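Colleague: Fold the following and give me the result.
(one chain, ligands or ions: 1)
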Amino acid sequence: MATMPETFHPFGNGDAAARALADALADTLQHALATRARASLIVSGGSTPEPVYRRLSVTDLDWTRIDVVLADERWVEPGEEGSNADFICRTLLTGKAAQARFTGLKSPGARAADGLPATEARLAALHWPADCAVLGMGDDGHTLSWFPHADGLQDALSEDGPRVASITARQSVVTGMLTERITLTMRALEDLKLCALLIRGDAKRAALEKALLPGPVEDMPVRALLNHPLIDLQIFWSP
Ligand SMILES: O=C(O)[C@H](O)[C@@H](O)[C@H](O)[C@H](O)COP(=O)(O)O
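Modeller: Predicted coordinates:
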């Protein structure tokens with residue numbers, strides 16, 4: 001069994017983890033806003049972060065100066081099934097946080113690769129590095145849309161290319177049918193003040209323990225974050 005790193009924070013339940021993470025994100029954003037015109041938050045889909053977003057959405061911050069940026073997206077339009085943009089609008093960009101400026105990743109184009117230049121141009125208009133990120137992980141060891149052995153995975157893991165990459169995942173129970181994706185790259189995660197991985201349940205803990213053991217990044221791409229010398233990944237876990 002792998003030894004858990006000091007950056008692994010176990011909580012008694014999902015609410016406690018969500019509260020701790022929402023408060024840490026709010027602090028980070030607040031500090032950034034004290035010194036800069038705008039601050040930014042990278043957000044993921046999945047079911048686990050919903051309570052974090054709900055809490056943040058009613059938190060007092062100058063949301064008019066906050067950019068909310070998607071970590072990854074299925075190649076679907078807002079309004080279509082599986083849209084992470086819709087999920088973020090529903091759970092985070094409501095209440096006080098409705099004032100935030102949102103940047104989604106879907107652009108016109110039949111394939112994600114066709115939309116990359118337009119998405120990259122939107123991202124280039126934001127302030128980088130971003131301030132904080134909420135990332136998730138699947139039982140298969142993917143994070144963002146960095147799926148094991150996906151087409152495009154090498155580009156997604158690149159630190160010196162664009163901040164966005166197209167992905168065609170191998171279909172699995174985790175990906176479902178929507179295997180065409182767009183994702184932020186490793187470069188987009190550089191120099192974050194808070195990079196949080198939020199996971200829940202014993203299966204995710206077991207997947208994390210496996211990812212902490214030596215092995216190919218392509219098998220469990222979350223390893224690229226866990227092993228990155230400059231990324232201080234803070235892991236929020238609850239049963
Ligand atoms: O894009 C996807 O296929 C999913 O949204 C996925 O990336 C999800 O974020 C993680 O698998 C964690 O999901 P849960 O939080 O629901 O466990």
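Colleague: give me the residue from this structure nearest the ligand.
Modeller: Proximity of the chain to the ligand (CB to the nearest ligand atom) peaks at Gly46, 2.6 Å away. Where you see a C-beta, it was placed from the backbone N, CA and C, and this is true even at glycine.
Colleague: distance of that residue from Phe87?
Modeller: Distance, Gly46 to Phe87, by CB to CB, to the nearest Å: 8 Å.
Colleague: mind checking the SS state of Gln171?
Modeller: coil (DSSP: H, G, I helix; E, B strand; the rest coil).
Colleague: Identify the spatial nearest neighbour of it, chain neighbours not counted.
Modeller: Counting by CB to CB, 6 or more residues apart in numbering, Thr179 is the residue found nearest to Gln171 once chain neighbours are left out, at 5.2 Å.
Colleague: His228 contacts Met186, doesn't it?
Modeller: Yes. Here His228 reaches Met186: they are 7.5 Å apart, a contact under CB atoms under 8 Å.
Colleague: Which of the two has more residues huddled nearby?
Modeller: Met186 (22 against 16; other CB atoms under 10 Å).
Colleague: which ones are touching that one?
Modeller: Ala156, Leu157, Ser158, Glu159, Ala224, His228 (CB atoms under 8 Å, 6 or more residues apart in numbering).
Colleague: same check, this time on Pro229
Modeller: Contacts of Pro229 by CB under 8 Å, 6+ apart: none found.
Colleague: separation between it and Glu159?
Modeller: Pro229 is 11 Å from Glu159, where distance means CB to CB.
Colleague: Can you list the low-confidence ranges for this structure?
Modeller: Along the chain, segments meeting pLDDT under 70 span 1.
Colleague: hey, where'd the helices end up in it?
Modeller: In the chain, the helices defined using DSSP state H lie at 14-35, 50-57, 84-91, 112-124, 153-156, 202-212, 223-226.
Colleague: Those residues of this protein touching the ligand, which are they?
Modeller: Ser44, Gly45, Gly46, Ser47, Thr48, Gly136, Gly138, Ser145, Val174, Thr175 (CB under 6 Å from any ligand atom).
Colleague: Save those as TSV, and put in neighbour count too.
Modeller: Converted to TSV, the residues of the chain next to the ligand look like this (neighbours: other CB atoms under 10 Å):
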residue	neighbour count
Ser44	24
Gly45	23
Gly46	17
Ser47	9
Thr48	21
Gly136	23
Gly138	21
Ser145	32
Val174	14
Thr175	22
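Colleague: of the residues you listed, closest to Asp15?
Modeller: Minimum distance to Asp15 across the residues of the chain next to the ligand is 12.1 Å, recorded for Thr48 (CB to CB).
Colleague: was I right about that closest one contacting Ile199?
Modeller: Yes. In this structure, Thr48 is within contact of Ile199 by CB under 8 Å, at 6.7 Å.
Colleague: hey, what's in contact with both of these two?
Modeller: Common contacts of Thr48 and Ile199 (CB under 8 Å, 6+ apart): Gly136.
Colleague: Count the neighbours of Glu80 for me.
Modeller: Counted with other CB under 10 Å, Glu80 comes out at 13.
Colleague: Same question for Glu209.
Modeller: 14.
Colleague: Surely it touches Ala2?
Modeller: Yes. Counting by CB under 8 Å, Glu209 does reach Ala2; the two are 4.5 Å apart.
Colleague: Contact partners for Asp160?
Modeller: Counted by CB under 8 Å, 6+ apart, Asp160 has contacts Arg187.
Colleague: Let me know the distance separating it from Glu190.
Modeller: When Asp160 is compared with Glu190 (using CB to CB), they lie 10 Å apart.
Colleague: Also Leu135?
Modeller: In this view, Leu135 and Glu190 are 14 Å apart by CB to CB.
Colleague: okay, the two: which has more neighbours?
Modeller: Leu135 (25 against 17).
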